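*Asks:* What shape does this take:
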Amino acid sequence: MDEEFETAEPGIEHLRKHVDGLAPDVFEVRVSSQGGFILASTDPEDDNTFSRIQAISSSDLEELNRLGPLVDLVRCLKSPEPSKKRLAYVWHEINLWMWLPQNAHIVRLDRLVVDEIEGRCVGITTAYIPGGTLEENKNRIFKPKWLHQLTAVIDELNLDPGIAHQDVAPRNHLIDDTMDSSMIFDFKFSVRISEVGSSEARSDIITCDVTLRAGWTLHSDVQLEHPVSEFRETLAQWSERRRRGKYITSYKEAPNFIYWPNTPEPPPSEVVLNYSSGPVTQKKVLWNVERRRMLEQGKTALNWQRPPRAKLNSGDRILETGEFIEQT
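*Replies:* All right, here's what the predicted structure looks like:
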């Protein structure tokens, strides 16, 4: 953009206007402060993609829909009976989610996704719950038993493995219509209690009204099976039970606390350093590498450029790699 902003939001909003019309090989877009299109660059020097973050590919997964940033609805083509999965690309979630206890009210982690070049873990799939989230489906009448299920699963997470979810909000609260039960997912903000990132301020159960309030009134988008006072009473009783009951100040006090090692250090890579006496090749640990630098060195980098969903024709099928599936 022609001017600097304190946050990325203005640039993102302007990009939304043009993104569907961009070619897959565009690395940089320039717009005016009013959002007018100026130019699109395909120069590899403008490619600032980090190869180990954005580079994800799996030729075994067919894209069915894009649910949100870094989250797709996919189908595994190699399964005997292809089933729908939710694909997410968050490293921290993998370490925590895979060791959570089996619970009917926690969406289970299904598989690890690895890239096709080096076999590195680049994502996860979870079971897809077609009922949708409370944020998405505002016509659903919320039942008291779903609130009981939610508080029970929070108790289990806190007191058994010592985990705080820290993002219990309508967007992360699913209703499984087939089982008539509630489920939570999305553990990217979750932490072991007392560890870095743990915050009591994130332990609320967030309703559709995110403002601070002394009283509790029914939100205009919410439909309840019983009066709001009954839900309020349920939460008050639960809160009192937690105050009087077992209290965890550190995850290590939990009977089945989860442990995983720190992120392993990647193997050293060869880098070329240019000195006045000439270029020198050295071994160096790199936590991320720009894709353009890998290509300059003749190395293979994953290319995850996919056509916009708006540009796909009816019947088109594509992989997570962006490649079209040939119709037979």
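*Asks:* what about the residue lying closest to residue 251 once chain neighbours are set aside, how many neighbours?
*Replies:* The shortest distance from residue 251 to any non-neighbouring residue, by CB to CB, 6 or more residues apart in numbering, is to residue 162 (3.0 Å). Every residue, glycine included, has its C-beta placed from N, CA and C. Look at residue 162: counted by other CB atoms under 10 Å, it has 23 neighbours.
*Asks:* can you pull out the strands in the stretch 151-300 of the chain?
*Replies:* Counting by DSSP state E, counting those that start in this stretch, the stretch 151-300 of the chain has strands at residues 163-164, 173-176, 181-184, 191-192, 223-224, 269-275, 278-284.
*Asks:* mind putting these in JSON lines, mean pLDDT and distance to residue 306 included?
*Replies:* Below are the strands of the stretch 151-300 of the chain laid out as JSON lines (pLDDT from 0 to 100; distance: least, CB to CB, whole Å):
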{"stretch": "strand 163-164", "mean pLDDT": "94", "distance to residue 306": "34"}
{"stretch": "strand 173-176", "mean pLDDT": "94", "distance to residue 306": "26"}
{"stretch": "strand 181-184", "mean pLDDT": "95", "distance to residue 306": "29"}
{"stretch": "strand 191-192", "mean pLDDT": "91", "distance to residue 306": "32"}
{"stretch": "strand 223-224", "mean pLDDT": "82", "distance to residue 306": "37"}
{"stretch": "strand 269-275", "mean pLDDT": "83", "distance to residue 306": "27"}
{"stretch": "strand 278-284", "mean pLDDT": "88", "distance to residue 306": "32"}
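*Asks:* Highest mean neighbour count out of the ones you listed?
*Replies:* Mean neighbour count, computed with mean count of other CB atoms under 10 Å, is highest for strand 163-164 among the strands of the stretch 151-300 of the chain, reaching a mean of 26.
*Asks:* Please name the residues that touch the closest residue to residue 98 other than its chain neighbours.
*Replies:* Nearest residue to residue 98 in three dimensions, chain neighbours excluded: residue 109, at 5.3 Å (CB to CB, 6+ apart). Residues near residue 109 by CB atoms under 8 Å, 6 or more residues apart in numbering: 94, 97-98, 100, 124-126.
*Asks:* Kindly write the PyMOL command that selects the buried subset of the residues you listed.
*Replies:* Buried subset of the contacts of residue 109, written as a PyMOL selection, criterion 16 or more other CB atoms under 10 Å:
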select buried, resi 94+97+100+124+125+126
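*Asks:* List just the nearest of the contacts of residue 109 to residue 306.
*Replies:* residue 125 (17.4 Å; CB to CB).
*Asks:* thought that closest one was touching residue 110?
*Replies:* Yes - between residue 125 and residue 110 there is a contact under CB atoms under 8 Å: 4.5 Å.
*Asks:* Pull out the buried residues from stretch 32-40.
*Replies:* residue 40.
*Asks:* nearest to residue 30, of the contacts of residue 109?
*Replies:* Among the contacts of residue 109, and counting by CB to CB, the member closest to residue 30 is residue 124, at 35.1 Å.
*Asks:* Return the subset of the contacts of residue 109 lying in helices.
*Replies:* Using DSSP state H, the subset of these located in helices is 94, 97.
*Asks:* right, and out of the contacts of residue 109, which lies closest to residue 326?
*Replies:* Using CB to CB, residue 125 comes nearest to residue 326 of these, at 23.7 Å.
*Asks:* What distance do you get for that closest one to residue 174?
*Replies:* 16 Å (CB to CB, to the nearest Å).
*Asks:* Now for residue 223: which residues touch it?
*Replies:* With contact taken as CB under 8 Å, 6+ apart, residue 223 is in contact with 138-142.
*Asks:* hmm, back to that, contacts only, for the residue nearest to residue 251.
*Replies:* Per CB under 8 Å, 6+ apart, neighbours of residue 162: 192-193, 248, 250-254, 257-258.
*Asks:* one more time with 6 Å, if that's ok
*Replies:* By CB atoms under 6 Å, 6 or more residues apart in numbering, residue 162 lies in contact with 192-193, 248, 251, 254, 257.
*Asks:* now swap in residue 97 and tell me
*Replies:* So residue 97 contacts 109, 187 (CB under 6 Å, 6+ apart).
*Asks:* where does the stretch 151-300 of the chain have low pLDDT?
*Replies:* For the stretch 151-300 of the chain, applying pLDDT under 70 flags the ranges 203-218.
*Asks:* Specify the beta-bridge partners of the residue nearest to residue 98.
*Replies:* residue 126 (DSSP bridges).
*Asks:* shouldn't residue 224 be in contact with residue 140?
*Replies:* No - at 10.3 Å, residue 224 does not count as touching residue 140 under the criterion of CB atoms under 6 Å.
*Asks:* Residue 73 is in what secondary structure piece?
*Replies:* In the assignment (DSSP states H and E), residue 73 maps to strand 71-76.
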